[in-house]
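Visitor: fold the following.
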Amino acid sequence: MTSTTTINTLVDQLKANPLNWALLAVFLYVLRSYISAPANAAPEPRHPETIVFKDYTPIELQPYTGKQDNGMGRILMAVNGNVYDVSRGRNFYGPDGPYGNFGGRDASRGLAKGSFDLDMLTDVDKPIDKLEDLARDEWEALREWEAHFAGKYLLVGKLVENI
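Guide: This is a model prediction of the structure:
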């Protein structure tokens with residue numbers, strides 16, 4: 001007799017308020033999802049990629065533009081002698097980003113001068129740009145950029161001369 005009373009009460013509640021139909025539908029959906037979920041739905045744990053701090057020459061840095069592996073490769077960029085992994089900022093530093101020409105390169109001169117032109121980049125087979133002709137305000141701009149990268153991205157190496 002108790003189950004009949006419970007069912008009658010439930011039917012009366014559904015008739016009395018249309019919102020109860022929506023709540024019942026959500027409940028049934030959640031119940032179905034819970035029951036039909038596979039027992040081993042959790043992804044296999046993976047160790048994150050190990051990044052080793054190392055010295056990069058301009059030639060060694062050049063492939064890290066984000067273009068490799070269908071556009072999902074690492075993006076490294078040198079700023080004032082430090083090499084940062086800017087892959088998290090792919091929208092900015094990736095191949096299609098506004099700073100995309102700096103990926104895989106020493107971006108120091110371009111950042112200091114506020115220019116994204118290709119002529120701001122030193123050829124990778126030439127000596128590293130010593131930035132000796134920068135004005136005081138350009139050095140200040142470069143230091144601000146360097147602080148930005150140091151605070152936001154992982155330092156992965158140093159930029160050294162080609163061998």
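
Visitor: tell me the domain boundaries of this structure?
Guide: In the domain annotation for the chain, the residue ranges read 2-36, 54-159 (automatic domain parsing).

Visitor: where's the first one relative to the chain centroid, distance-wise?
Guide: Here the centre of mass of C-alpha atoms in domain 2-36, compared against the chain's by Cα atoms, centre = their mean, to the nearest Å, lies 44 Å away.

Visitor: and Asp106, how many neighbours does it have?
Guide: 25 (other Cβ atoms under 10 Å). For glycine as for every other residue, the C-beta is placed from the backbone atoms N, C-alpha and C.

Visitor: lowest mean pLDDT among the helices and strands of the protein, which one is it?
Guide: Ranked by mean pLDDT, DSSP states H and E, the helix or strand of the chain with the weakest confidence is helix 68-71, at a mean of 62.

Visitor: for Glu44, find the nearest of the domains of the chain.
Guide: Of all the domains of the chain, domain 54-159 sits nearest to Glu44, with 19.8 Å by Cβ to Cβ.

Visitor: picking that back up, with distance to Glu44 added, can I get the domains of the chain in CSV?
Guide: Below are the domains of the chain laid out as CSV (distance: least, Cβ to Cβ, whole Å):
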stretch, distance to Glu44
domain 2-36, 21
domain 54-159, 20
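
Visitor: which stretch in the ones you listed has the least confidence?
Guide: Ranked by mean pLDDT, these bottom out at domain 2-36, which scores a mean of 83.

Visitor: so which of the domains of the chain is the most surrounded?
Guide: Mean neighbour count (mean count of other Cβ atoms under 10 Å) peaks for domain 54-159 among those, with a mean of 17.

Visitor: and the strands in this protein, which stretches?
Guide: Here the chain has its strands, by DSSP state E, at 54-56, 76-79, 82-85, 154-159.

Visitor: quickly run through the sheet partners of the longest one, with directions.
Guide: If you go by DSSP bridges, strand 154-159 pairs up with strand 54-56 (parallel), strand 82-85 (antiparallel).
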